[in-house]
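Engineer: Sequence and predicted structure below; questions after.
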Protein chains: 2
Amino acid sequence: MLSVRQALETALRQTTRLPVESIPLLESAGRVLAEDVITDVDMPPFPRSTMDGYAVRSEDVRHAPARLQVAGMIPAGSYPNFSLQTLQAAKIMTGAPLPLGADAVQMVEKTRVLDDGSAVAILESVPAGHNVSPFGSEAHQGEVVLPMGTFIAPGVIGLLAAVGKSQVAVYRAPAVGILATGDELVDLTAKPALGQIRNSNSFTLYAQARQAGGKPQLLGVAKDTKADLRQRLTTGLQFDLLLATGGVSMGDLDLVEEVFAEFGLEVFFDKIAMKPGKPVVMARSPRGGLVFGLPGNPISATTVFEVLVRPVMRKMMGFPVYQNQMVLATLTEPFVNRSGRENYAPSVTWYEERRFMVRPLKSKGSGDVVTYAKSNSYLICPIERTELSPEENVVVMLRPDFFYG
Amino acid sequence: MLSVRQALETALRQTTRLPVESIPLLESAGRVLAEDVITDVDMPPFPRSTMDGYAVRSEDVRHAPARLQVAGMIPAGSYPNFSLQTLQAAKIMTGAPLPLGADAVQMVEKTRVLDDGSAVAILESVPAGHNVSPFGSEAHQGEVVLPMGTFIAPGVIGLLAAVGKSQVAVYRAPAVGILATGDELVDLTAKPALGQIRNSNSFTLYAQARQAGGKPQLLGVAKDTKADLRQRLTTGLQFDLLLATGGVSMGDLDLVEEVFAEFGLEVFFDKIAMKPGKPVVMARSPRGGLVFGLPGNPISATTVFEVLVRPVMRKMMGFPVYQNQMVLATLTEPFVNRSGRENYAPSVTWYEERRFMVRPLKSKGSGDVVTYAKSNSYLICPIERTELSPEENVVVMLRPDFFYG
């Protein structure tokens, strides 16, 4: 049986980046650049003050203190409509363009206002170029300012706007089909009868797939018959990624795997040494779409998504890092692992006094979605450890809700 | 001049949660619950096995080893269509319902298959209730399973689905108007002439507001004239939150503040002891919308968003925590703070061997958006510190891109 690490390596090896598409700048946040972006302008487009102070001609202040006439004032975001003549200065703000004639800025702390502001004393001399970002010093026209593979955070959006990219080449976001299977499943709006439960997996996975940047679509609930599964798989295999839940346990009801075979799917693994989530199928259809057969147990399905599916989606989208953030945390209470598998235990992690603390939740069993909903992370207990002790440093996988909750 | 902390306290004090709205479950991820959610079903809806093994009648195995006939097999996600008679067992998977008649589960490791699986030897006795989550043990019908104020992560979506919430009451997401001001600004698609720059602030803030869960809308670029500003503010003040950039520096061009006064805006502060971002106006219009006047400098505007605006938006949406995650990190190189203000320096932070490391980026000035785009965090240097040394532990504010990049 594959270890979690082996399963992740296999899954990533079978995953390729999706093709490139061009999308409007405002839609590109959260995606990954699929092109080197060059600037069509020099940045800054003018010599720019790095300080609040006075723009001067450095030769005028070679002998300080020097008295200069104040020719004007230049706030950031304005452009001076005057130039500096001999023995003139201009009051200037950080980020503002120097007027023509000026070649240096003296910081306001080394000046003194004279004559109600119509003149200024420059108390120390400044060399040419002092406190000035020269024209083009951040980037010259034609230079690459953002390499292919950059994650498009808001600050990157700003730079893309500054260089005039109204359309941006990014890796396509995967279309994710989400299919539940099981005769016992009823719709959200139905009241379950004896032996029935509501289909909750599809909704959880939809939220996870969207959070990961994908474009999920619900494909309903398949009955445990080959005919129904076949029909729904025909639709599902047209997606970049199909997530099917249920039907992958032991025994006679492993219809999903049987029907996978009929469709010619190449299966890479069908179980992993992970708790929760042992029965997990990963496969690829002849037309190229990837397929995960996830356990029907809600906590298993959502956990396998975080451990295997999210990294696959991130690789499809061109992300440089695939896995959720792992940290070391101090365990607050004992933890027992009787599974003989790598155990991903729903936990609450928080940061306190220079370190992460983690408290595994007291679950009432692997189906306890009430307790799971309180978690923001997984305590990861290695296969070979049957017990972890309080104060131990343990590995924790943070979910995105750790940051956003 | 207010400290950053005072400004944040003031901003949050002036912010109230937005009204409640009811939205479809699938749209509710990332929002905050505005109602206590009760379950309309018992969870689990049946006695559920917490182990892979055999469901038994505990009285049959009081004397172990005991030989039992295997009456059937129950995968997770199925419901048994048989009940256990005396001296019968059922193979059962974790999460599966016990058949009628069974009252305990023996784990598979303490059993032995007999007669090709038609019988099983139970090697140790089990008391009634062993390895079983009783009916209703996670939550009883009518119980609150999710309190008001819960952040709606994917695991919460799953629980909402399980209890049949197809519509969810959440706090409304703020409508955010984004207005740039400045004669020097040209559109994304234009090539800037001398003294012009492209409007990039609006795009950065749009991405930030959307990332924070808001509903942003671009309101264009206002010219530096009272008439144009008045007209655009009339539109902008209809939003829950208006972000205006530019026009808040010193001197004659402080049109934004002048026009704010005309509209009867109550101003709470107009500068803060923060670098970058000293000139920052926060105000409220008579009809209740909040307004931030942010600096025109792109790095100032985006940084003030993270420090003040994102917390305000999170409070509007009912989040329990307002600020971005702060951590202590080991500084990798010296940092100098000559500003006399609390300095938020764009930085790269990473987690390595049990600790965060932070490297402040070598910016070529406060307008260096090329360097800023590489950052994922801010090193925060206190007002009173003029120098920080390598190996010091320093406070860092992580941006969401730290987690998602």
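Structural biologist: Structure's in. What do you need? Numbers count the residues shown, from 1 in each chain, chains lettered A, B, ... in the order given.
Engineer: where along the stretch 1-150 of chain A do the helices fall?
Structural biologist: Under the criterion DSSP state H, counting those that start in this stretch, the stretch 1-150 of chain A carries helices at the ranges A:4-13.
Engineer: Domain-wise, how is chain A divided?
Structural biologist: A:4-18+A:172-316, A:20-43+A:138-171, A:48-133, A:326-404 (automatic domain parsing).
Engineer: Same list (these) but as CSV, adding distance to chain B, mean neighbour count and mean pLDDT.
Structural biologist: The way it works is simple: take the backbone N, C-alpha and C, and place the C-beta from them, glycine included. Shown next, in CSV, are the domains of chain A (distance: least, C-beta to the nearest C-beta, whole Å; neighbours: other C-beta atoms under 10 Å in any protein chain shown; pLDDT from 0 to 100):
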stretch, distance to chain B, mean neighbour count, mean pLDDT
domain A:4-18+A:172-316, 3, 21, 91
domain A:20-43+A:138-171, 4, 20, 97
domain A:48-133, 3, 20, 93
domain A:326-404, 4, 19, 94
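Engineer: Quick one: closest of the ones you listed to residue B:42.
Structural biologist: Closest to residue B:42 of these is domain A:4-18+A:172-316 (C-beta to C-beta; 10.1 Å).
Engineer: First-to-last residue distance for the closest one?
Structural biologist: 20 Å (C-alpha to C-alpha, to the nearest Å).
Engineer: Which residues are in contact with the nearest residue to residue A:100 once chain neighbours are set aside?
Structural biologist: Leaving out its chain neighbours, the residue that sits closest to residue A:100 by C-beta to C-beta, 6 or more residues apart in numbering or on different chains is residue A:83, at 3.6 Å. Each residue near residue A:83 by C-beta atoms under 8 Å, 6 or more residues apart in numbering or on different chains is listed here: A:99, A:100, A:101.
Engineer: Distance check, the nearest residue to residue A:140 once chain neighbours are set aside against residue A:293.
Structural biologist: Among residues not flanking residue A:140 along the chain, residue A:42 sits closest, at 5.7 Å (C-beta to C-beta, 6+ apart). Residue A:42 is 55 Å from residue A:293, where distance means C-beta to C-beta, to the nearest Å.
Engineer: Okay, now stretch A:151-171: how far is its last residue from its first?
Structural biologist: End-to-end distance of stretch A:151-171 (C-alpha to C-alpha): 11 Å.
Engineer: what separates that stretch from the chain centre, distance-wise?
Structural biologist: Centroid displacement of stretch A:151-171 relative to its chain, using C-alpha atoms, centre = their mean, to the nearest Å, is 15 Å.
Engineer: Phi, psi for residue A:299 please.
Structural biologist: With angles defined as degrees, to the nearest 10, residue A:299 sits at phi -70, psi -40.
Engineer: Ignore what I typed, I meant residue A:310.
Structural biologist: Recorded main-chain torsions at residue A:310 are phi -60, psi -50, according to degrees, to the nearest 10.
Engineer: ok, now which ones touch the closest residue to it other than its chain neighbours?
Structural biologist: Distance criterion C-beta to C-beta, 6+ apart; nearest residue to residue A:310, sequence neighbours excluded, is residue A:212 at 5.1 Å. Applying C-beta under 8 Å, 6+ apart to residue A:212 gives the contacts A:309, A:310, A:313, A:314.
Engineer: give me phi/psi at the last one?
Structural biologist: Its backbone dihedrals place residue A:314 at phi -70, psi -40, with angles given as degrees, to the nearest 10.
Engineer: which non-adjacent residue is nearest it?
Structural biologist: residue A:322 (4.7 Å).
Engineer: again, but for the first one
Structural biologist: Nearest residue to residue A:309, sequence neighbours excluded (C-beta to C-beta, 6+ apart): residue A:292, at 5.8 Å.
Engineer: sorry, back to before: from what I can see the residue nearest to residue A:314 touches residue A:308, true?
Structural biologist: No. Proximity of residue A:322 to residue A:308 does not meet the contact threshold set by C-beta atoms under 8 Å, at 10.1 Å.
Engineer: what are the ranges of the helices in the stretch 251-400 of chain A?
Structural biologist: For the stretch 251-400 of chain A, the helices defined by DSSP H, counting those that start in this stretch cover A:255-262, A:298-304, A:310-316, A:369-372, A:400-404.
Engineer: Could you dump those helices into a markdown table with distance to residue B:32 added?
Structural biologist: Below are the helices of the stretch 251-400 of chain A laid out as a markdown table (distance: least, C-beta to C-beta, whole Å):
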| stretch | distance to residue B:32 |
| --- | --- |
| helix A:255-262 | 36 |
| helix A:298-304 | 20 |
| helix A:310-316 | 23 |
| helix A:369-372 | 19 |
| helix A:400-404 | 11 |
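Engineer: how about these, which one is nearest residue A:356?
Structural biologist: Closest to residue A:356 of these is helix A:400-404 (C-beta to C-beta; 9.6 Å).
Engineer: Appreciated, that's everything.
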